[in-house]
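Enquirer: predicted structure and sequence below. I'll ask about it afterward.
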Amino acid sequence: AAAAAAAEPKSSDDADAAVAVSELARIRDSLVNSPAFLALLAALTGEQIDAVRIAARRFRPGLDYTVATMPDDARRLDVSLTFVDDEAEEDREAWADGDIGGFECQIKAEDEENPEVVAVYDADADGEDGLLNVPASFNSLSIMRRGIDQMHFVKYVAAGAPGSRWDVAAECRLLQTLP
């Protein structure tokens, strides 16, 4: 009986999170990882996909983020099917303006002579490092082509965010084409 009680959610929020995790896993396995979806990506982008890494993720306010890493020698497609609670106008604006984080970002990687990784990213900073920012919104699909000189990450979701950012993310390694 004690083991069963430990497995039960502690609150309705925990129960909702468990349902969401289950649904994201279903979307990951039946949609994003399907040959039809990968064929759609190839048709939309004109790229040939060599390999795919797919994850269902939750970014909780004040807790979770991804780290930008130095790229290897392969181009990529970064694909995200994103879900956030933006039903209220103020929540939609909060996600859209980026002040609470949770957006996807591509930045220029440092060159080999200066391999420092950018520790703090400021979307409003002057310069050319901020190549692309995609704000989180409900039920949105983003497809971003990433060059070999670019890094990709999801910005830290601030503790004041209206909720978690949930996504199914696919990193697709692209076949190299000869010039």
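Expert: Ah, there it is.

Enquirer: the closest residue to residue 91 other than its chain neighbours: how many residues sit nearby?
Expert: Among residues not flanking residue 91 along the chain, residue 162 sits closest, at 4.1 Å (C-beta to C-beta, 6 or more residues apart in numbering). Just so you know, the C-beta spots here come from the backbone N, C-alpha and C atoms, and that holds for glycine as well. Using other C-beta atoms under 10 Å, residue 162 has 18 neighbouring residues.

Enquirer: surely residue 162 and residue 92 touch.
Expert: No. In this structure, residue 162 is not within contact of residue 92 by C-beta atoms under 8 Å, at 9.1 Å.

Enquirer: need the residues touching each of those two.
Expert: residue 86 (C-beta atoms under 8 Å, 6 or more residues apart in numbering).

Enquirer: my guess is residue 131 contacts residue 150, does it?
Expert: Yes. Between residue 131 and residue 150 there is a contact under C-beta under 8 Å: 6.3 Å.

Enquirer: pLDDT score assigned to the residue nearest to residue 91?
Expert: For residue 162, the pLDDT comes out at 92.

Enquirer: now name the helix or strand holding it.
Expert: Assigned by DSSP states H and E, residue 162 belongs to neither a helix nor a strand.

Enquirer: what residue ranges in the chain score low on pLDDT?
Expert: Within the chain, the stretches with pLDDT under 70 are 1-14, 111-130, 177-179.

Enquirer: please enumerate the helices of it.
Expert: 2-7, 12-27, 35-45, 89-97 (DSSP state H).

Enquirer: so where do the strands sit in the chain?
Expert: Ranges of strands within the chain are 49-59, 76-83, 104-108, 130-134, 140-146, 150-154, 165-174, based on DSSP state E.

Enquirer: which one of the ones you listed lies nearest to residue 69?
Expert: strand 150-154 (6.5 Å; C-beta to C-beta).

Enquirer: and the closest one, how far out from the chain's middle?
Expert: 9 Å (C-alpha atoms, centre = their mean, to the nearest Å).

Enquirer: cool, stretch 39-46 as well?
Expert: 19 Å.

Enquirer: and for stretch 24-43?
Expert: 16 Å.

Enquirer: could you do stretch 47-67 as well?
Expert: Using C-alpha atoms, centre = their mean, the offset of stretch 47-67 from its chain centre is 5 Å.

Enquirer: list the buried ones in that stretch?
Expert: 47, 49, 52, 54, 56, 57, 58, 59, 61, 66 (16 or more other C-beta atoms under 10 Å).

Enquirer: okay, those in JSON lines with distance to residue 23 next?
Expert: Shown next, in JSON lines, are those (distance: C-beta to C-beta, whole Å):
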{"residue": "47", "distance to residue 23": "29"}
{"residue": "49", "distance to residue 23": "25"}
{"residue": "52", "distance to residue 23": "20"}
{"residue": "54", "distance to residue 23": "15"}
{"residue": "56", "distance to residue 23": "9"}
{"residue": "57", "distance to residue 23": "13"}
{"residue": "58", "distance to residue 23": "12"}
{"residue": "59", "distance to residue 23": "16"}
{"residue": "61", "distance to residue 23": "20"}
{"residue": "66", "distance to residue 23": "21"}
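
Enquirer: good, we can wrap up now.
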